[in-house]
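[1] the amino acid sequence is not available; the structure is as follows:
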């Protein structure tokens, strides 16, 4: 017996773009063959993109995906690659389930050999928590799948299947496989890398066989997939691994029976800040490109949030595709305007100034708004300027709010919340500072100019909607606020649990009431009643960036 | 043996408002007892409100719901109602499931007698399609529940359980029950009433026993619950029924063994237009009140859409709580302004005029926008005026777009799409006309002034964003457009199926490309990446109008 060369093709797909995804699969299959691979495995739902939400239920889309599988199989043969075993993800045939009206397709892995689908596997465990909604759109599979490749037995499962104790892996453990191949669409979360390798190590131990884990990479809507594909050995150690946040072909040889396991290169782990920063860069790049934009426009206030977002955008799509707009009011300080201009220069972004006073005055001449209504007006005039520039010049508008201020409601709907994408909406203020410092230090280490002006990092945060206003007038210090927010939002702790942690009662009640009110306000916009079977709105769930279009003649 | 008097309490609850829901339960239990009922049954998830989305997963909320059940039981005894059997819905204890991390509560019906919970039933079938997400938030039950009341056997199930062939009803058929009691949270859909009674009739036939079906009523977020509770007999005929869209106590006597079935009053069925109109009125009333508003503000263009919405609002919350704003541009016709003023007068709404030229000119002085960007600017200035008035005066902003124009993208994000609630977003243009005519005729039949000016109904629709513009310049006639939209959106048909129906190819391609583009645009705003375990956004699903707040000291 000989070694079997496995290629894990960690690629970036786009939901709904069956044609481009098919071309990518063929291109990487050729690369794998050129590297001498016997098998190339792609991530979960490769042809369709992932997650596809209710697009899975559309018959015309299911037909297109099925046709694409056969086209790929045919093209592989035409390219002289009929011998290559290609494992990829798609939607399987629709089935009646006991739990839903109509039919549901399966989340399927198919095996292509010599121009035909020679085996397939339907995902057993359909995750339906957090960001996952698969029970809604798929029918579960029940059969195991074991491939014979060069006389070796390779078990095949999909993503969530290995997260369930006693699932299909337990079944395969009885079947004595030589390798487990797992196709994944596993979204990035802070610190999740170790969770995945630890889990795979446990499964390798159960199976007494190595586990090869291929994950997708790239931004899709509000999810980021980080790649980081790997192989763990029977003893649980990582034998080889791919870098995160880039497409990569990871090659690894399954040793002949009785031979020691092969080891390959290990990708150096990223630091905590670098990992999150790269995740956001990946998210912006994917969202902009997959939605057909080339450039972004955003307000530059001189503050830390918009500075960090601008730096991220410059890293994601190039500073020349970033359009910064300073929109000073009568309350804007000189240093704010200077910092905004300085930032744009550092990252090579376009920059212009649009004072808001004439528009604010025109509204106030008729409406005479006071207090919060007047503050919101300023934010909304800025949002309208950005949308006007977006319509006229074709840029995607980005919102620059951070998680802390969104959580407590320091944000104006139809104002600073305007935008198609909010790169740091899931980054709290403490982390905004940490990421900014990390990015500047990384520049210094590389002998480059730090992108973010030092004074944007060091000055006290202010919305500058009233004279002399600073955030800490009305909020606890951000390090304390962020701790309480983390417990209340991320860990869903109640008031009792927050007090038991030792937080001050006054702080807890202030934060909890701000968050509840803000969440309620945010969710009020916009909805309407459902009176027919299928309304626009939450009962029809489609991916934002889906490229799927009904086929035309 | 004697008759058993059953009371079906068709009430309106609010998600999260445990205290108010508890008070409502006690009040209607007293009413039922005063009417001589032995049993009073409430709708699904009475204490918590429904649907509660991820609020179900919050431990502090689960504790509050559990405590409320005991408080109600105690209060019933204190009121001398310990003998009354009260059946209501709540969340059951959290359980580990095989399919999700952490625990999930059950969707539970509890039976209160003599100050204690004497029986409970956990919903077996958790719907996870359309508007339903229950597999995400609940653990399924597996045990049947049969109550002994006055020596008779009453089976108890919850909503979706009766929609499944071979579900718990099949089990109960073996157990020889005398009555099946079904607690429901079944949202309104056009024409669904017959589906429910037909289904219940089938189950009654299987059980050889009557089925009593109690449904909730009222608007909750984008759902409307229509009530329409009923009892069907063993032969499938409706024995008694409650009216739709109002709270109601439906009383019915289960006849002694061997006696013929009793019949009670039947609510007269509503006509098609009346039913949809009342559904929208109910949705607006619920959304406004449950979100703590007393009044609404909306733009009155003189067109049919805003006129219909205003008439609906006047019916829902009173004309004196409706604030209409005419926001004419230089392209607005005289008749538009006249029609808007006439409408406001007819329905008794507040009315003011805010010309948009000064604000549009201020923006154009700096931005000089052309074409679509300039059209969007007008719509956005109007949106800002409405939001300014909302902030200053406390009204909820309503968007007046209909389903046809939203579907094809004839709407401006942050412009006419501004609003917390869009009453006719699920009503196509053909139906807008039909509802308007129905409402005017109903007024005439009642000897009242028709609310909608005749010229708003008869004139050609126009957005008035360019001189002389009318919708039919760029769209197929609305009756044809709405037919294609219905097939493409409601029935998810592909291009091939649309052509097979006989629609013109050019029309199909035009409509399909408009809808795909509009849907894509709509979904682009606003999102951001997820980098921690739980981001704001789609992975945390809470009801809009939840009244749940962390308990304070």
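    Everything's here; your move. Bear in mind that the values here come from a model prediction, so they are computed numbers and not experimental data.

[2] right, is stretch A:5-25 up against chain B?
    No: Stretch A:5-25 lies out of reach of chain B by C-beta under 8 Å from any C-beta of the partner chain, never closer than 9.8 Å. No exception for glycine: its C-beta is placed from N, CA and C like everyone else's.

[3] chain center to that stretch, what's the gap?
    17 Å (C-alpha atoms, centre = their mean, to the nearest Å).

[4] avg pLDDT for it?
    For stretch A:5-25, mean pLDDT rounds to 96.

[5] and what of stretch A:359-378?
    Per-residue scores along stretch A:359-378 average to 95.

[6] equivalent analysis for stretch A:397-407, please.
    The average pLDDT for stretch A:397-407 rounds to 91.

[7] tell me the residues of the stretch 51-200 of chain A that contact chain B?
    By C-beta under 8 Å from any C-beta, the residues of the stretch 51-200 of chain A that approach chain B are A:57-60, A:63, A:98-102, A:125-131, A:133, A:135-136, A:164, A:187-190.

[8] number of residues surrounding residue A:414?
    Neighbours of residue A:414 under the rule other C-beta atoms under 10 Å in any protein chain shown: 24.

[9] that one is in contact with residue B:381, isn't it?
    No: Residue A:414 is beyond contact range of residue B:381, at 11.8 Å (criterion: C-beta atoms under 8 Å).

[10] wait, isn't residue A:281 in contact with residue A:316?
    Yes: applying C-beta under 8 Å, one finds residue A:281 in contact with residue A:316, separated by 4.6 Å.

[11] and the helix or strand encompassing residue A:154, what's its mean pLDDT?
    Residue A:154 belongs to strand A:152-158 when elements are defined using DSSP states H and E. Averaged across strand A:152-158, the pLDDT comes to 96.

[12] for the stretch 251-400 of chain A, which segments count as strands?
    A:296-299, A:322-326, A:350-353, A:396-397 (DSSP state E, counting those that start in this stretch).

[13] would you turn the ones you listed into CSV with distance to chain B and mean neighbour count?
    Below are the strands of the stretch 251-400 of chain A laid out as CSV (distance: least, C-beta to the nearest C-beta, whole Å; neighbours: other C-beta atoms under 10 Å in any protein chain shown):
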stretch, distance to chain B, mean neighbour count
strand A:296-299, 12, 26
strand A:322-326, 11, 24
strand A:350-353, 10, 15
strand A:396-397, 8, 26
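
[14] report the buried residues of the strand holding residue A:154.
    Judged by neighbour count (16 or more other C-beta atoms under 10 Å in any protein chain shown), strand A:152-158 contains these buried residues: A:152, A:154-158.

[15] beyond that strand, next helix or strand please.
    By DSSP H and E, the next helix or strand past strand A:152-158 is helix A:168-174.

[16] counting by contacts, list what that next one packs against.
    For helix A:168-174, the elements it packs on are strand A:152-158, helix A:192-207, judged by 3 or more C-beta pairs under 8 Å, 6 or more residues apart in numbering or on different chains; DSSP states H and E.

[17] point me to the residue sitting closest to the centre of chain A.
    Of all residues in chain A, the one closest to the mean position by C-alpha atoms, centre = their mean is residue A:224, 1.7 Å from it.

[18] helix or strand: which one has it?
    Assigned by DSSP H and E, residue A:224 belongs to strand A:223-226.

[19] so which elements touch the helix or strand just after that strand?
    Per DSSP H and E, the first helix or strand lying C-terminal to strand A:223-226 is strand A:230-232. In terms of contacts (3+ C-beta pairs under 8 Å, 6+ apart), strand A:230-232 is packed against helix A:192-207, strand A:211-215, strand A:238-241, strand A:248-254.

[20] tell me the most buried of those?
    Of all those, strand A:211-215 carries the top mean neighbour count, a mean of 28, counting by mean count of other C-beta atoms under 10 Å in any protein chain shown.

[21] can you give me the angle it makes with helix A:192-207?
    Angle, strand A:211-215 to helix A:192-207, by axes from the mean of the first three to the mean of the last three C-alpha atoms, to 10 degrees: 150 degrees.

[22] torsion angles phi and psi at the residue nearest to residue A:501 when sequence neighbours are not counted?
    Spatial nearest neighbour of residue A:501, excluding adjacent residues (C-beta to C-beta, 6 or more residues apart in numbering or on different chains): residue A:487 at 6.4 Å. Main-chain torsions, residue A:487, degrees, to the nearest 10: phi -70, psi -40.

[23] quick one: contacts for residue A:487?
    A:493, A:497-498, A:501, A:503 (C-beta atoms under 8 Å, 6 or more residues apart in numbering or on different chains).

[24] which residues of the stretch 101-250 of chain A score low on pLDDT?
    Applying pLDDT under 70 to the stretch 101-250 of chain A flags no residue at all.

[25] surely residue A:398 is in contact with residue A:298?
    Yes: using C-beta under 8 Å, residue A:398 is in contact with residue A:298, at 4.4 Å.

[26] any common contacting residues for the two?
    A:309, A:313, A:419.

[27] among those, name the ones in helices.
    A:309, A:313 (DSSP state H).

[28] can you point out the buried residues in the helix ranked longest in chain A?
    Longest helix in chain A, counting residues (DSSP H): helix A:371-393. Buried residues in helix A:371-393, counted by 16+ other C-beta under 10 Å: A:373-392.

[29] of those, list those near chain B.
    A:373, A:376-377, A:380-381, A:383-385, A:387-389, A:391-392.

[30] out of those, who's nearest residue A:77?
    residue A:391 (48.2 Å; C-beta to C-beta).

[31] quick one on the thing from earlier: which of the shared contacts of residue A:398 and residue A:298 sits closest to residue A:337?
    Of these, the one sitting nearest to residue A:337 (C-beta to C-beta) turns out to be residue A:309, at 17.7 Å.

[32] my guess is that closest one contacts residue A:423, does it?
    Yes: shown here, residue A:309 and residue A:423 form a contact pair, counting by C-beta under 8 Å, at 5.2 Å.

[33] contacting residues around residue A:277?
    Counting by C-beta under 8 Å, 6+ apart, residue A:277 makes contact with A:312, A:435, A:438-439.

[34] any idea how far residue A:194 is from it?
    19 Å (C-beta to C-beta, to the nearest Å).

[35] out of everything not next to it in sequence, what's closest to the closest residue to chain B within the stretch 451-553 of chain A?
    Nearest to chain B, among the residues of the stretch 451-553 of chain A, is residue A:494, at 2.8 Å (C-beta to the nearest C-beta). Spatially, and ignoring its direct neighbours in sequence, residue A:494 is nearest to residue B:60 (2.8 Å; C-beta to C-beta, 6+ apart).

[36] how about the strands of the stretch 51-200 of chain A, start to end?
    A:85-91, A:95-96, A:103-104, A:107-113, A:116-122, A:146-149, A:152-158, A:179-184.

[37] reformat the ones you listed as CSV; add distance to residue B:247.
    Formatted as CSV, the strands of the stretch 51-200 of chain A follow (distance: least, C-beta to C-beta, whole Å):
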stretch, distance to residue B:247
strand A:85-91, 45
strand A:95-96, 39
strand A:103-104, 37
strand A:107-113, 44
strand A:116-122, 47
strand A:146-149, 60
strand A:152-158, 48
strand A:179-184, 50
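
[38] gap between the residue of chain A most remote from its centre and residue A:145?
    Farthest-out residue of chain A from its mean C-alpha position, per C-alpha atoms, centre = their mean: residue A:365, at 44.4 Å. Applying C-beta to C-beta, the value for residue A:365 to residue A:145 is 71 Å.
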